[in-house]
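# sequence first, then the predicted structure:
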Amino acid sequence: MVKAKKYVFEKQFVGLPKATDLKLVEEELPPLKDGEFLSEAVYLSVDPYMRAYAPRLTLGTTFIGSQVAKVTESKNPKFPVGKYIVGEFGWRTHTVSNGQPLLSGFPVAWLVPDLDGLPQSLPLGVLGMPGNTAYFGFLELCKPKAGETVAVSGAAGAVGSLVGQIAKIKGCKVIGIAGSDEKGKWLVDELKFDKFLNYKDTDFDKKLAAAAPNGIDCYFDNVGGELSTKILNKMNLFGRISVCGAISGYNDATAARASPVQPALVFKQLKMEGFIVHRWLDRWFEGIQQNKQWIKEGKLKYRETVTEGFDKMFDAFVDMLQGGNTGKAIVKV
Ligand SMILES: NC(=O)C1=CN([C@@H]2O[C@H](COP(=O)(O)OP(=O)(O)OC[C@H]3O[C@@H](n4cnc5c(N)ncnc54)[C@H](OP(=O)(O)O)[C@@H]3O)[C@@H](O)[C@H]2O)C=CC1
Ligand SMILES: CCCCC/C=C\CC(=O)/C=C/C=C/C=C\[C@@H](O)CCCC(=O)O
């Protein structure tokens, strides 16, 4: 009999999640039925969407999330023993799954393609959902042109750090916005972003004006709120905004107020579009292969913030929500 550990979503988050909102329990797993497979988590992801989606989750269920897992027993030919998969199994160490898609249509598990020797954890980041979010969310919605100026908020994170590099690959000038000068040093020195702005600086408005004297053509928005309104007011005519997320508001008990964006949208004739990365499910491996190719060519760099131990899942989650990560935040079991 296999014993799994899992985190149950006990209490709805109010503001920043509290450790007592989730409960770590053990569960005995049943023997496999035909069509099922057993997998063991190797790496687990902690993502902002887990906080954003929480109000829609059912209490008493396993808290949501994805993991890189190894198939250890199988009665499902699509998921043979020994294979590594990305599973939307939630925060749990062992899982019995029948391989059927989630209600959202998103696959419950997909086989990790050949990583060409790259780390087994990358399918949770640059070679998985965040990587595809950057690749498709930026290229399909911002449609950047060489020489344009691109601003990225959440620029030192799993998604933002890739967007800025893809913009550089496409010949753009890149302004990265994040919450610490240490992150800014990484963005400029390592990732070759052209400019960095710390959104916590009291003279941010002045620095934004100095960083974008000729305006901004594309904005990849991970943060939302007043910061994004400020950037929208710096956009050039016919600028494009890809709205990826709004993490500045995820922990707000009541929705924060921000200045209206309509004046900028109208007078600068801007295109502003939100997306969920599922939109490109039919091209999932195109994004993964292209990002892998750019990594192999030395054009795309990745960083992971790794927390050791399944019992530290919650710490890693709240640490990421508060800016403790650079690059993709993951947990190594
Ligand atoms: N639409 C989609 O399909 C998807 C959307 N997303 C969204 O993309 C965004 C980035 O996700 P991801 O790259 O995984 O996460 P990150 O790796 O960027 O981690 C979250 C980061 O958000 C920053 N942050 C936290 N609070 C604030 C705040 N109040 N103001 C500004 N920045 C803040 C922190 O960095 P700092 O130190 O800079 O504050 C933190 O490190 C999120 O909004 C997420 O919801 C992600 C995946 C798919
Ligand atoms: C103003 C509020 C904005 C809220 C934005 C919310 C979420 C954005 C985001 O982070 C989306 C993430 C999407 C993740 C997609 C893929 C999987 O890893 C999760 C699949 C879960 C499912 O589809 O059930």
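Nice, thanks for sending it over. Just so you know, these numbers come straight off a predicted model, no measurement behind them. Ligands and ions are numbered 1, 2, ... in the order given.
# switch to C-alpha atoms for all contacts and neighbour counts from now on
Will do.
# ramachandran angles for Leu141?
phi -100, psi -30 (degrees, to the nearest 10).
# how far away is the residue lying closest to it once chain neighbours are set aside from ligand 2?
With CA to CA, 6 or more residues apart in numbering as the criterion, Leu141 has its nearest non-adjacent residue at 5.7 Å, and that residue is Ser242. Using CA to the nearest ligand atom, to the nearest Å, Ser242 is found at 12 Å from ligand 2.
# ok, now Cys142?
Counting by CA to the nearest ligand atom, the gap from Cys142 to ligand 2 is 17 Å.
# can you pull the contacts of that residue?
If you count contacts by CA atoms under 8 Å, 6 or more residues apart in numbering, Cys142 has them with 218-220, 240-242.
# kindly recompute the last result at 7 Å.
218, 240-242 (CA atoms under 7 Å, 6 or more residues apart in numbering).
# between the two ends of stretch 199-219, what distance do you get?
Separation of the first and last residues of stretch 199-219 by CA to CA, to the nearest Å is 15 Å.
# sorry, wrong one. I was asking about stretch 324-333.
19 Å.
# which secondary structure element contains Gly171?
Per DSSP states H and E, Gly171 falls between elements, in no helix or strand.
# model confidence for it, exactly?
Listed pLDDT for Gly171 reads 98.
# likewise for Met320?
98.
# what's the burial count for it?
21 (other CA atoms under 10 Å).
# find the nearest non-adjacent residue to it, please.
Ala329 (6.6 Å).
# you'd agree the one you found is in a strand?
Yes. Counting by DSSP: H, G, I helix; E, B strand; the rest coil, one finds Ala329 located in a strand.
# Val306 is in contact with that one, correct?
Yes. With contacts counted by CA atoms under 7 Å, Ala329 reaches Val306, the gap being 6.1 Å.
# hmm, which of the contacts of Cys142 are the buried ones?
Buried members of those, counted by 16 or more other CA atoms under 10 Å: 218, 240-242.
# can you tell me which of those residues is nearest Ala258?
Ile241 (16.8 Å; CA to CA).
# show me what contacts Asn251?
15-16.
# tell me which element it falls in.
Using DSSP H and E, no helix or strand contains Asn251.
# now do Met313
Using DSSP H and E, Met313 falls in helix 313-321.
# what helices and strands are in contact with that helix?
Packed against helix 313-321 by the contact rule (3 or more CA pairs under 7 Å, 6 or more residues apart in numbering; DSSP states H and E) you find no helix or strand.
# that one near ligand 1 at all?
Yes. Interface with ligand 1: helix 313-321 contributes 320-321 (CA under 6 Å from any ligand atom).
# and that helix, does that touch ligand 2?
No. Under the criterion of CA under 6 Å from any ligand atom, helix 313-321 makes no contact with ligand 2; the nearest approach is 11.8 Å.
# in that helix, which residues are buried?
Of the residues in helix 313-321, those buried (16+ other CA under 10 Å) are 313-314, 316-318, 320-321.
# interface residues of this protein facing ligand 2?
48-49, 52, 102, 104, 106, 129, 245-246, 276-277.
# which element is Ala210 on?
helix 204-211.
# got the contact list for that helix?
Lys195.
# so Lys301 versus Glu190, what's the distance?
Distance from Lys301 to Glu190, by CA to CA: 8 Å.
# how near is the residue of the chain found nearest ligand 2 to Cys244?
For the chain, the residue closest to ligand 2 is Tyr49, as judged by CA to the nearest ligand atom, at 3.7 Å. Per CA to CA, Tyr49 is found 11 Å from Cys244.
# just to revisit the earlier point, report the buried residues of the helix holding Ala210.
Quick answer for helix 204-211 (16+ other CA under 10 Å): 208, 211.
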